[in-house]
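Engineer: take this sequence and fold it.
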Amino acid sequence: MTESLSTLYTNAKVVLIGDSGVGKSGLRLVLEGKRFVPTDSTHGRFVTDFDSRQIELTSGQTAHCETLLWDLAGQPGYRLIQQLHLKEVSVALVVFDAKSETDPFAGVRHWDRALRQAQRVQGASTMPLKKFLVASRMDRGGITVSREQIERIISDLGFDGYFETSAKEDVGISELADAIRSAIDWEVIPKVSSTALFQDIKKFLLSEKETGRVLAQVDELYRLYLSRNEATEAEFAACIDRLQDRDLIRRLAFGNLILLQPELIDSYASALVNTARQEPQGLGNILEEDALAGRFSVPTGERLKDVNQEKLLLVAMVNDMLQHEIVLREPAENGIYLIFPSQFTRENPALPDPPGKAVAFEFEGPVLNIYTTLAVRLSYSYAFNHRELWKNAITYTYGPQGGTCGMFLTELREGRGRLTLFYGEDASPETRIQFEAFIRAHLQSHALPESVTQRRTIACSTCGTPVSDIVVQRLMERNREGLNCPVCETYIPLALATPSDAYSNIDLLEISRSADAARQREVATAIIKGKRLTMDFDVFLCHNSADKPNVRAIGERLQERGLLPWLDEWELPPGRPWQPALKAQISHIKSVAVFIGQSGRGPWQDIELAAFIREFVDRNCPVIPVLLADAPAIPDLPNFLKHFTWADFRKHEPDPFDQLIWGITGQRAERYWGAPYSASTRGRIKKPEIDPIELLRQEVEQRRQAGDLKAFADSSLTLAKRLAAQHQTIDAANILANAAQTLRQTGVQVALALDNTTKILNDMRSLAHQDPAIWEQLKTLTISDWEQWFQADVLDEAFDTFARCTQGWPVLRWRRLRLKNIKCFEQIDIDCRPDHGQTTGGLILLGNNATGKSTLLQAIALASLGPAKASQVFPELASERFLRKGARHGSIEVEFEFTVDPYSSERERLALHVGLALEAGASDFQPLRDQDMQFGSRNHARHLDRLRQIEQFEWGLVCGYGAFRSIRSDAPMTSPHSGILDRTRSLFDPSEALVSPVALDELLRKGDVRRLTSEREAVGLYIRDHLLEMFKNVIPGLRIEKDEDNNIRLIESATHVTSITDWSDGCNSTASLLGHLIRHSLEITDWELSPILVEGIVLIAEVDLHLHPSWQRYILTQLQAAFPNMQFIVSTHSPLVLGGAPDDMQVCVLRHNEEGQIVADSNLPSAHGLRADQLLTGEFFDLPTSYDRVTEEWLNRYAALVNDPDASETMIAEMETMLDQRKQNVIGSKAIDREAWAALQEFLRDRLHHMDETKRREFLTSLRSHARGTDYR
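Structural biologist: Residues are numbered from 1 along each chain as shown. Reported below is the predicted structural model:
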């Protein structure tokens, strides 16, 4: 191409965008000059010619200028893909449906922000953009919005013009077409030299495209063109590159292929996105194998008929998705999944208000695209590994330090979103800063920068009450610096709501580079698949078999860069000679690498292989000698290799691997960030050198200055733990001492400080597993530093208490029970895991009297005690009390979920299987042998050693209460019996007294807690406050106030101030059970912690005992609220208890089967929303009716009369009499029910009076057909 024969060529891109169904495709047809015809919705994109002309530029040169019209699909499922095509746009036509009566401007704001974001990403290279707002379909009744609304949106979004059109009636089309031509600034659009040859090649390629041809190799197209005209390969390739720059055709990364219909990738990609969104479990994914095989729905007419071409297209599609960061590759047991973060439909019930909510960013742009690329880049970075995904939400773990962080997206309106960040309690300040900084940087570079705002969620440091955004905003508008908590009146500074300046300490460049490198590695997997399909080998690895391990490793690294090597063990089946295979494939291999290793003798001495290498030389293919790390100092090379440049792995610089890639591809290799990648190193690559300790120190100081005491204490704890882990125990102790002193000086109550102290001590204990010296030294130093305001013995006792609790107090949850020949049960098996999954929050046992409900509760209690202590429950022979009559052997088998070290980082969850055996005539229980256990014997055996380590401690907290709960005035708050037996004694001994009202009154009303807490008044008051809250939760209507002397007053009703000792029997029964449970919860923590924190199992027979129906409805919900960490297993005869039970409690009905055996039925419908009479007459209680006996007898007589075939006037008279007698309501309890009954009486009376004999008989026959078989007995 000579310059004298050349002109300039350029083209401009005009996009038609808007939501689906607004009339874009019809508008495109008429703008092309074609006749209007109705069209279906576009799938993917449609690119056509709009205009072509010669224009004289200001430089005096002539340019051939073409305008291309891009019609982009508007369905929501396509937006993720279409955003990729909004670059280099000269004119945008944003189309809306003028006839829409719901939302005419739907989508307008989204597409406007999508355009602005695309320009933002292009940066300085972006071209001037003109935007026109286009109202379509004006022929269908005119526009439904006012001129003022149109003017407002034009002004707000900066549109350059507004056009009202009708493609069908050819209204406004010529004006719009003229505006498009005038809007394009040809002077600023990039141009290339164009000759007649260039125009001819372009015309040839576009004609091949117009025939519908999809894929073709460059060589094939070049040969076809040469049959018509002449051109060099370089000229032909240059034309391909120029057309690819305008997205008219596409050169694929494998197989030397040209995709002549690149819009097909959009159609397939959008179809794949829609398929992922429809995944049945809402997981937004699809197996990569299914995606590459085309096993997903594609719109009619869009799927390629050629299966082989489709396979190649699908590889290119996956490659695009990985390259543009809209999908993740995730390995699983059944294969690799493609995961679309934006397409998850599984809801997270904790959203939109998750615990740990900390920061919210608001931004404008294509919201889902921005969120998706952020989610993918975070997952690809060295720092964050994704854990779980939900609809518009994802959580990560921070690789270097651990800790959970997450984000969830809220689409506020079109083109505007809010990204809320939340953290787990284990997230350190460093984790939070890194996470927040990365997200902020991403939003600033991908969203509209002026639109990104940030605000923090603030909450009271004392009680945790959050402050709403609107309150914070309005206070800040009034220049207020803070406010008092509306609950506890603690001062809350508004400085917490302002963005942190900690970002300056974070170098995000390395994290971003690692994300880029990980993305490229995933892209390489798709490229390798395409190259294998097309036999497109980049390099032949020629080597000595002795060097195979080293050469194989290099080959694997080449594949991670998207280069496909030919290695004999990968390409040849065993037992086949290599020569024929290599000869058949050598034309597909672009280069050869000749490896020289320690042996020094290469396979090129083989004459046949040497001939192959010479063939590469003859074809002008690169031949690269590679010296392995163990190669001799002076390698012995054949003459034909000596003049080639080496890639020397014996040296570090220049990088030999990059040199090898340069030799293979002819292009310098991009230096990848980080260590060599493998699947096992992802997420564990060494991070950049950022001092986390210094960041934590800054975070502590920021929180202290801001006055956020809770966050300050937490950050101090995290910093101390980090220092202690690095054996800087003196520094760690000083951090804790300074934190304690600050809390003291700021007026924080000692009780709060003690609570933080015990948390610190408890977390520190986990470090003792690594180095016991840390624990002892920190303990000594901490006591020394804090003794100025803490009693040393208090702190010492706290250490001992927590060491004992965390080492020796496991937590139990009941899972499963099996009884054989125990009391009334021949055999029964009850499982508390729905579908054998996660353990439920509890169990409700229903059933008639004598169906064994109390026996089941007793069996769980006995299993929790173990064989030795279970035998102490019965003063008489255990077999006489518990063995089924006539049986020789019996057994109790219980599976518990058993958590060791529940309060430390060493938390371990096991399955504990306990078996008790009982023989006739035996005086005690014996352990059930492993071979006799029906479930879990192997688990039981595996954990025996673990259990023996804690034999000196009890297996867990289990409290039990029988149906006769005795109350005595002298029953003290402290336990008269050994703790473990006393906790369940009420289940077996009706005379066992619970805590007396007098003792409770002393503890709660009078505040006398010093005796119970070894004179530690602060600790006692802290516990007392928690107990009062628990009583308020459980006792309906209870209010707690203080009198003029600051003493506690308990108010049972609106007008009655009373002592617990004066409460009713129902109140006292509930309060005594509560007091007994509180006592033992406090006992296991040595009266150091609130019972709210204690975990265990509570067994209650007849939980509705002494309770009014209004209490029964809420008792289980209130108990669970008071003891959130307890698992309640209860029996009841009350439908109100059942109907008001929490959602996570399972229900089991015990009933006799036809053989007279008691069986368990857990396959029951939900009880929620049903009335008491519905529950009574349903599957839960099996009553035939809920009427009284007199009404029931009357209904039986009524049914008998209706079924009498010889109905007579006498029958009618009797029926009327009965109707008069039964005035009371039998169909409901409300006034409307009684009115309905009265209306029914009147109707029947009138109907029977005025019927002739024939109709009367027909009416009675109809009644008989409905009542036949009814048995009210």
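
Engineer: so what's the closest residue to Pro466 other than its chain neighbours up against?
Structural biologist: Nearest non-adjacent residue to Pro466, counting by Cβ to Cβ, 6 or more residues apart in numbering: Ala459, 4.5 Å away. To be clear about C-beta, it is placed using only N, CA and C from the backbone, and glycine gets the same treatment. Residues near Ala459 by Cβ atoms under 8 Å, 6 or more residues apart in numbering: 465-467, 492, 710.

Engineer: Leu567 and Glu288: what is the separation?
Structural biologist: 24 Å (Cβ to Cβ, to the nearest Å).

Engineer: and what of Cys485?
Structural biologist: Using Cβ to Cβ, Cys485 is found at 52 Å from Glu288.

Engineer: neighbour count winner among these two?
Structural biologist: Glu288 (21 against 17; other Cβ atoms under 10 Å).

Engineer: can you pull the contacts of that one?
Structural biologist: Applying Cβ under 8 Å, 6+ apart, the residues contacting Glu288 are 318, 329, 335-338.

Engineer: any of those residues buried? List them.
Structural biologist: Neighbour counting with 16 or more other Cβ atoms under 10 Å marks 318, 329, 337-338 as buried within these.

Engineer: ok, and the most crowded of the contacts of Ala459?
Structural biologist: Going by other Cβ under 10 Å, Ile492 tops the contacts of Ala459 with 25 neighbours.

Engineer: low-scoring pLDDT stretches of the stretch 501-650 of the chain, where are they?
Structural biologist: 501-510, 575-579, 600-611, 618, 636-643 (pLDDT under 70).

Engineer: please disregard the earlier target; I meant the stretch 951-1100 of the chain.
Structural biologist: In the stretch 951-1100 of the chain, residues with pLDDT under 70: 951-956, 968-980, 997-998, 1000-1064, 1084-1093.

Engineer: do that again at 90, thanks
Structural biologist: Across the stretch 951-1100 of the chain, the ranges flagged by pLDDT under 90 are 951-959, 962-1096.

Engineer: all strands of the stretch 51-200 of the chain, in order?
Structural biologist: 62-72, 91-97, 130-136, 161-164, 192-194 (DSSP state E, counting those that start in this stretch).

Engineer: for the fourth one, buried residues please.
Structural biologist: In other words, strand 161-164. 161, 163-164.

Engineer: show me which of those residues is closest to Leu475.
Structural biologist: Closest approach to Leu475 among the buried residues of strand 161-164 (Cβ to Cβ): Gly161, at 43.8 Å.

Engineer: now that closest one, nearest residue through space, not along the chain?
Structural biologist: Phe132 (4.6 Å).

Engineer: about what we covered before: any chance of the buried residues of strand 161-164 in CSV, plus distance to Arg250 and pLDDT?
Structural biologist: Shown next, in CSV, are the buried residues of strand 161-164 (distance: Cβ to Cβ, whole Å; pLDDT from 0 to 100):
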residue, distance to Arg250, pLDDT
Gly161, 33, 92
Phe163, 33, 93
Glu164, 37, 89
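
Engineer: pull the number of nearby residues for the residue lying closest to Val1159 once chain neighbours are set aside.
Structural biologist: Counting by Cβ to Cβ, 6+ apart, Asn1153 is the residue found nearest to Val1159 once chain neighbours are left out, at 5.0 Å. For Asn1153, the neighbour count with other Cβ under 10 Å is 9.

Engineer: mind listing what the nearest residue to Ser451 once chain neighbours are set aside touches?
Structural biologist: In this structure, Ser451 finds its nearest non-sequential neighbour in Glu364, 3.7 Å apart by Cβ to Cβ, 6+ apart. Counting by Cβ under 8 Å, 6+ apart, Glu364 touches 113, 116, 415-417, 447-448, 451.

Engineer: identify the farthest-apart pair in those residues.
Structural biologist: Arg116 and Gly417 (14.4 Å).

Engineer: neighbour count: the two, which is higher?
Structural biologist: Ranked by neighbour count (other Cβ under 10 Å), Arg116 and Gly417 place Gly417 first, with 25 against 22.

Engineer: so that one sits in a strand?
Structural biologist: Yes: residue state for Gly417 (DSSP: H, G, I helix; E, B strand; the rest coil) corresponds to a strand.

Engineer: now do it against Ile370, distance only.
Structural biologist: For Gly417 relative to Ile370 (Cβ to Cβ), the value is 7 Å.

Engineer: overlap in contacts, the two.
Structural biologist: Phe363.

Engineer: show me which residues of the longest helix along the chain are buried.
Structural biologist: Using DSSP state H to define each element, the chain has its longest helix at helix 508-533. Within helix 508-533, the residues scored as buried using 16+ other Cβ under 10 Å are 508, 510-532.

Engineer: can you name every helix or strand that whichever helix or strand comes after that helix contacts?
Structural biologist: Tracing the chain past helix 508-533, the next element assigned as helix or strand by DSSP states H and E is strand 539-542. On a contact count with 3 or more Cβ pairs under 8 Å, 6 or more residues apart in numbering; DSSP states H and E, strand 539-542 meets helix 548-560, strand 565-566, strand 592-596, helix 607-618.
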